[in-house]
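*Asks:* Quick check, what structure comes out for this input:
(chains A, B and C)
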Amino acid sequence: MTKPTDHDDGNVRPDYRHAYPVLVILLLLVVTGLTIRHLLIPKTFGEYGFYRAAAMDDEKAILPRHVGRAVCATCHDDIAATHAKDVHASVECESCHGVGGKHTKDNDAPMALANTKEDCLICHRRLDARPGSFPQIDWQQHYTFVGVTDPTIACVKCHSGHEPLYLDHDLRTARLHPLIQQCSSCHLGRTDETLKKPDTHPKIFQCDYCHAELAKSFAKGSHTKVSCTACHLFIKETTFSGRIVRNTNPQFCLLCHRKAPFKAGTDKAAPPTIEWPAHIKDVSNDPIDPQRPCVNCHQDQIHSLYSKDAHHAM
Amino acid sequence: MPCNNAISRRTMIQRIAIGASGTLLLTLFPKLTFGKDDAPDGGKLPAKKRPLYAYAVDTSRCIGCCSCMRACRAENDVPKERYRTWVERYRVKADGEVKVDVAANDNFVFEETPPEDIVKAFFVPKMCNHCEKSVCSQVCPVGASYESPEGVVLVDTKRCIGCGYCIQACPYGTRFINPETHVASKCTWCYHRITRGELPACVLSCPKGARMFGDLHDPQSHLSVFMKQRRYRVLKPEMGTRPKCYYVDLDLEVI
Amino acid sequence: MNYVFPNELHVTWTVMIVLYPYITGLVAGAFIVSSLYHVFGRDELKPISRFSLASAFVFLLFATMPLLMHLGHAERAFNIMLTPHFTSAMAGFGYIYSSYLILVALEIWFVMRSDLIKRTHDKGFLPLVCRAIVLFNYRDTPETRLANHRIAKILAGLGIPMACMLHGYVGFLFGSIKANPWWATPLMFVIFIFSAIVSGISVLIFHYFIVSKINRWKINGPCVRSMASYLWAFMIVAVALEGMELLSIVYEQTEATDVLELLISTKLFWSYVVFQFFICSIVPFFMLGAAVLFRLSDRVAYALIWLSSCMLLAQVLLMRWNVVVGGQLVSKSMRGFTSYMPGVWEKEGLITAGVIFTMPFLILYVFHRLVSLFPDVEKLPKRSNGV
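*Replies:* A predicted model of the protein is given here:
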């Protein structure tokens, strides 16, 4: 127990009067503080919760910068139409060409061209982590495969950015193709014997598991290095199905086969190249529609049209 | 020391009187009491009539093009070396080692890596999960971090003092201090777009449909339908934050 | 491989946030020493009671400085008193700090009122300041002194829980961040309080020896030895708690244990394992233990005590650094570490930290000039050697 050292007289009564001004000052402080607080708290604070409701309006007041494909299409309707039918339909215009907000207000404001090789490789560079079904390349391998000898050439020299594959059917309405078949599709007699054994029963279906006859015929042609899905473009939509397009557009065949100064041309390993549309005159005196599919004449170089395992007319 | 009752009682009564009048004064200022707790139910519309926004990510569709990162940066002026959204790349080797990286270069492009014995690799987009029980809003000392009535967690940039508590508290590392404005900043699900009926910039720019956004209170919305079809989970559910960003096909290695 | 979330490359809580709990810790510890005399009647601590109270006050004055330097918008700092969001541990800061500041100021006013009034009789500028401080009321009688004493006792008693709150809330703030595995433990609140008391007693011992040496004052042996005992006791508890926290991480083997073990063995090896634990905890434990348990001569005991206080001051600072910075080095991805090196000249750099830390000592000197903090101190005879 502390003994009071400043006062020895046990009969001393404490005198608190000097403490009252202190108390008054404290009270004044509290009242002033509360008043200031009342004045300074924002009006909309607490309307919806412990925050300033007007903050949401501040956020809403920010103007959007991306405009979306539909807005671009109001002026660039021709490009939009081709773009919507091809494989880049799901790629936003602004993903490649930059944000469109300024350009819609002032049509002279430039947009990025995005036509260098690196711009395409951002998405299409082969990476381990990219899904196998996604088209991705090692560009040097790809150039060698298609016979391009000039490494400085950009992808857009062959592939239009808006219709990279020149699909002749609109991908949105293309035929549905299942990924996982019903049991009956294989087990009604048309299956190869090896597929019936449990340990060799396929779990992931490749084209030739069902289309075995076509695959055999394909192996006899000259396109053996090309995958089925290059020409029969398959776009997976859900876990169970996707859409398939048989691309018969001559422009598509010409991606590999058009003669160009940056291509090897006569190199045995490279695809044979032709002049277009000069090739039509070279092969026929009759007028041939330039839109006519190349396969109409070159069927035997690819695979036979009809086979027992084709489920539908080509 | 003998206690002198007369003086001390008077003093006590005086002090009680002062204390009581002080407390009375307090009641004249209603804003002193705690504000309503953050909850969509604080809003003006009944809860079911308001939209409840949520987000879904299908990691099996992501190709790691990072268009979302570029779109977000363009839409929201995200400063350099700060990310409102990002894409992680996971590469699992045969010996079990997991390598994770982000395309943190200027243009957000994933580069090739030296060939290794990779058995599984995939991309995982990430952003603010706009949690239902967001820790960031709980720990904000001034009420600058909040959940809007539609379920979007936002920052009041005029009120934030830049203390950084929310950044420490977020289990997902999605917040940062904007080095130019010195306030906390993060993905807002493009609130300025979604309140105009548009999609967030990242969802708009994703070419493979890996990102989805929608209203959970609208049973017809793409998101509601998607969530009834697929099995999903969230990141770090053990934190109890109840994120509203749902991941499909999420690997065990993703934290 | 090292992976951190991209936003974690920049560490948000810098050396300023290391300094802030350190300073409030010094406040809490100094205040506890003062209260040991004023409330709990430890008379041997009377010589240091004014000094400790004044130390608590000046450190308290500067406690907000590191926070203001850190805030992105220091001009909005008052938002924390306008709209404190009480679900947040940090929201209490404004009111706790200001009310505690007022309380300590009031306690000083009442404790030192008699001496302030005596000073008003002198000539000069500082005595004028004293006149204003006593509100121009110079009545100093046994009755007023008794009143002062009673009020001071109440304030000192109230001050203990408030000091615990002022410093404890920081510990709770860290301990309740579930997202950070290095911080999240219920023990953090208690660890911070006990290490705060350790740092407060240490700074008093440290400073007392220095000013006594400079002014050639006689060291009050019983006072110092008493402080050393308290320091030893609190230090044991503090280090035991810190060890407990580490033990539970290693024992429980949760998801975070691997990355935390890596943190301790690589990033924090020197600052945590070598310096905080081995050098600055074990060595003072033995030195103080010797000074407290054995009958050592004054010279040897004082040397051990002073050295221990220096090392414990460093230990607590290191502990703050290892907690605040160490926690931010661990990525929330559990896959790697980021790095942090404080700048020298920037707003949140080392020079600022140094200035903020030394200012209280200078203000304490001014305080001493205003009214003596050691009214009953003896001066050493001219020929003797000081300590």
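*Asks:* Nearest residue to C:Gln284 in space, please, no chain neighbours.
*Replies:* Gln isn't right for residue C:284; it's Pro. C:Ser308 (3.9 Å; C-beta to C-beta, 6 or more residues apart in numbering or on different chains). (C-beta placed from N, C-alpha, C; glycine too.)
*Asks:* Helix, strand or coil: sort out the one you found for me.
*Replies:* helix (DSSP: H, G, I helix; E, B strand; the rest coil).
*Asks:* what do you get for C:Ala301?
*Replies:* Reduced to three states with three-state DSSP, the structure at C:Ala301 is helix.
*Asks:* ok, back up a step: touching, the residue nearest to C:Pro284 and C:Leu288? I think so.
*Replies:* Yes. The criterion here is C-beta atoms under 8 Å, and C:Ser308 meets it with C:Leu288 at 4.7 Å.
*Asks:* neighbour count winner among the two?
*Replies:* Applying other C-beta atoms under 10 Å in any protein chain shown to C:Ser308 and C:Leu288 shows that C:Ser308 carries more neighbours, namely 28 against 25.
*Asks:* Contact partners for that one?
*Replies:* Contacts for C:Ser308 (C-beta atoms under 8 Å, 6 or more residues apart in numbering or on different chains) come out as C:Ser202, C:Ala228, C:Leu231, C:Val283, C:Pro284, C:Met287, C:Leu288, C:Ala291.
*Asks:* do you know how far the residue nearest to C:Pro284 is from C:Val237?
*Replies:* Distance, C:Ser308 to C:Val237, by C-beta to C-beta, to the nearest Å: 16 Å.
*Asks:* repeat for C:Pro84
*Replies:* 32 Å.
*Asks:* circling back: which residues are in contact with both of C:Ser308 and C:Leu288?
*Replies:* What both C:Ser308 and C:Leu288 touch, as defined by C-beta under 8 Å, 6+ apart, is the set C:Ala228, C:Leu231.
*Asks:* where does the stretch 201-314 of chain A dip in pLDDT?
*Replies:* Low-confidence segments of the stretch 201-314 of chain A (pLDDT under 70): A:201-205, A:265-267, A:305-314.
*Asks:* which residue ranges form the strands in chain A?
*Replies:* A:175-178, A:232-236, A:241-246 (DSSP state E).
*Asks:* distance between the last one and the chain's centre?
*Replies:* Distance, stretch centre to chain centre, for strand A:241-246: 17 Å (C-alpha atoms, centre = their mean, to the nearest Å).
*Asks:* Could you look up the SS state of the closest residue to C:Met81 other than its chain neighbours?
*Replies:* Nearest-residue entry for C:Met81: C:Gly94, 3.8 Å, with adjacent residues in sequence omitted and distances by C-beta to C-beta, 6+ apart. Put simply, C:Gly94 is helix when judged by three-state DSSP.
*Asks:* One more: C:Val190?
*Replies:* Quick answer, by three-state DSSP: C:Val190 is helix.
*Asks:* ok, it to C:Tyr20 distance?
*Replies:* Distance from C:Val190 to C:Tyr20, counting by C-beta to C-beta: 19 Å.
*Asks:* I figured the residue nearest to C:Met81 was touching C:Ile80, is that so?
*Replies:* Yes. Between C:Gly94 and C:Ile80 there is a contact under C-beta under 8 Å: 4.2 Å.
*Asks:* neighbour-wise, which of those two wins?
*Replies:* Ranked by neighbour count (other C-beta under 10 Å), C:Gly94 and C:Ile80 place C:Ile80 first, with 24 against 19.
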